[in-house]
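**Q** Give me coordinates for this.
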Amino acid sequence: MKKENDLLSKKEELNVWTSIWLKPRETVRYAINHKPMKFAVILALIAGIFDLLNGATQNNLGDTISIPMIFVLAIIVGPIFGIIGWWIGAGIATIVGTWLGGIGKFAELKMAFAITYIPIILFGFLWIPDYLILGEVLFIEDFDISFGKIIWLFFSGFISIVVGIWNFIITINAIAEAHQFSRWRGFWTIVIPATVIFVVLLLFFLPFIFLLL
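**A** Residues are numbered from 1 along each chain as shown. Here you go, the predicted model:
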């Protein structure tokens, strides 16, 4: 009995911020069983800020609006988008996963998805040295920078790619654990709706593309 209690105590002390990287399924199960939903909400709010900042850099938003305004939008609008994206993503994963034989409930998928935001949030703090070193270069298309900044830009980009790939793997495991099925089904739970959305968008924009040709 004492041994069982010791094991339970160790499990309750699981640190989701570190364990998610190498033990995603165990971490997600722990979070579903022990973490309050307000913890998931906070993760979604913070992740929304970094997602908007990443979108601003990818779309060269600094070419059209001021840099301070980008940060204001990230702080005010980012969390809203974060909550909306979290609900939609968890909802789609709940429905598609159920079709594939999963048993996860919406609340469980919401927690699972929120836990997958941890790598995004931790990587997001790289924004501090990024902005201190690169400044407005992060948000504009045409720029002339020093060799040292170019090196940092490649380093930051490489880290972003690695975290992105690892986050995709974590998400597969998170969905699989929430639905209590295989990682392959977790993979298809992501790929099937993504493919459907892509095809729908392609069919919608195809006439406009032909008009421009």
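**Q** Run a quick neighbour tally on residue 25.
**A** The number of residues packed near residue 25 is 18, by other Cβ atoms under 10 Å. Every residue, glycine included, has its C-beta placed from N, CA and C.
**Q** contacting residues for it?
**A** Each residue near residue 25 by Cβ atoms under 8 Å, 6 or more residues apart in numbering is listed here: 173, 174, 176, 177.
**Q** Swap in 7 Å and give it another go.
**A** 173, 176, 177 (Cβ atoms under 7 Å, 6 or more residues apart in numbering).
**Q** what does residue 187 give?
**A** With Cβ under 7 Å, 6+ apart, residue 187 has these contacts: residue 172.
**Q** Just want the phi and psi numbers for the residue positioned nearest the centre of the chain.
**A** With distances taken as Cα atoms, centre = their mean, the chain has residue 117 as the residue nearest its mean C-alpha position (4.6 Å). Reported as degrees, to the nearest 10, the phi and psi values for residue 117 are phi -80, psi -10.
**Q** Let me know the helix or strand that the residue nearest to it when sequence neighbours are not counted is in.
**A** Once flanking residues are discounted, residue 117 sits nearest to residue 47: 3.9 Å by Cβ to Cβ, 6 or more residues apart in numbering. Element membership of residue 47, judged by DSSP states H and E, is helix 37-58.
**Q** How far does that helix sit from its chain's centre?
**A** When C-alpha coordinates are averaged (Cα atoms, centre = their mean, to the nearest Å), helix 37-58 and its chain have centres 8 Å apart.
**Q** Alpha carbons of that helix, in CSV - could you do that?
**A** The C-alpha trace of helix 37-58 is given here as CSV (Å, rounded to 0.1, in the frame of the first residue of the first chain):
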residue,chain,number,x,y,z
MET,A,37,-9.9,23.9,-16.9
LYS,A,38,-8.8,27.4,-16.0
PHE,A,39,-5.2,26.2,-16.4
ALA,A,40,-6.1,25.2,-20.0
VAL,A,41,-7.8,28.6,-20.6
ILE,A,42,-4.7,30.4,-19.5
LEU,A,43,-2.5,28.4,-21.8
ALA,A,44,-4.8,29.1,-24.8
LEU,A,45,-4.8,32.8,-24.0
ILE,A,46,-1.0,33.1,-23.8
ALA,A,47,-0.5,30.9,-26.9
GLY,A,48,-2.9,33.2,-28.8
ILE,A,49,-0.5,36.1,-28.2
PHE,A,50,2.5,34.3,-29.6
ASP,A,51,0.4,32.9,-32.6
LEU,A,52,-0.6,36.4,-33.6
LEU,A,53,3.0,37.7,-33.3
ASN,A,54,4.2,34.7,-35.5
GLY,A,55,1.5,35.5,-38.0
ALA,A,56,2.6,39.1,-38.1
THR,A,57,6.2,38.1,-38.9
GLN,A,58,5.1,35.6,-41.6
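**Q** Counting by contacts, list what that helix packs against.
**A** In terms of contacts (3 or more Cβ pairs under 7 Å, 6 or more residues apart in numbering; DSSP states H and E), helix 37-58 is packed against helix 67-76, helix 78-99, helix 106-115, helix 117-124.
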